[in-house]
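[1] Task: produce atomic coordinates for the following.
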Amino acid sequence: MRDGVSTFAEQLAGAQFDLYAYISVLMGGAAEAADVLQETNLAILQDASSYDPSRNFVFWARGFARNRVRRFYRSRSRDRLVFDEELMNSLSETVSCVSDDRPLEELVLLRQCMESLAPKQRELITARYFQATAVKDIATRECCSEGAVSVLLHRVRRLLAECIEKKRKQAGALA
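    As a prediction, the model looks like this:
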């Protein structure tokens, strides 16, 4: 059983980027996406025994993510947001299917390229795109202008794009 637990944990860890991206799309990039991801992880871990290893793990885990996003919007609908089940279904169907491994391969390449960035560059990208921190807030934190942050983000995005393209070409040469 130890191998099963280890494999499950590895699959969950490996699915984090995909789950976060999926949740962010469903939530329109909301800052609360990281919180919803954590709630999703807890739900997945609590229901780990129901996972059938013959099923695609990420597809299975996305079901938990979708339910947690629904729960988030329902809780907010009492306040100021109106939860639209039809919109949620439409967005969920629009997000690329796991049966096409190309988007997942792209995420793997992005993850590899993120690891190759300098720590400050990685922090900048993480703050802006994974934590949805506003450019203004990053500028304040880093004691520089919004323009400087925008230029840095552009440069790092360009580095990531070049890295991904290089890795694609390397993979194509190996195939």
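[2] Show me where this structure has its helices.
    Taking DSSP state H to define them, one finds helices in the chain at 2-14, 16-26, 33-46, 57-77, 85-94, 101-116, 119-125, 135-142, 146-174.
[3] JSON lines for these, including mean neighbour count and mean pLDDT?
    All C-beta atoms are positioned from the backbone trio N, CA, C, and that covers glycine. Listed next are those as JSON lines, based on neighbours: other CB atoms under 10 Å; pLDDT from 0 to 100:
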{"stretch": "helix 2-14", "mean neighbour count": "12", "mean pLDDT": "76"}
{"stretch": "helix 16-26", "mean neighbour count": "21", "mean pLDDT": "83"}
{"stretch": "helix 33-46", "mean neighbour count": "17", "mean pLDDT": "92"}
{"stretch": "helix 57-77", "mean neighbour count": "18", "mean pLDDT": "86"}
{"stretch": "helix 85-94", "mean neighbour count": "12", "mean pLDDT": "53"}
{"stretch": "helix 101-116", "mean neighbour count": "14", "mean pLDDT": "72"}
{"stretch": "helix 119-125", "mean neighbour count": "15", "mean pLDDT": "89"}
{"stretch": "helix 135-142", "mean neighbour count": "15", "mean pLDDT": "92"}
{"stretch": "helix 146-174", "mean neighbour count": "13", "mean pLDDT": "87"}
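[4] Next, count neighbours for the closest residue to Phe8 other than its chain neighbours.
    Nearest residue to Phe8 in three dimensions, chain neighbours excluded: Ala48, at 5.7 Å (CB to CB, 6 or more residues apart in numbering). By other CB atoms under 10 Å, 13 other residues sit near Ala48.
[5] ok, Ala48 to Leu12 distance?
    According to CB to CB, to the nearest Å, Ala48 and Leu12 sit 8 Å apart.
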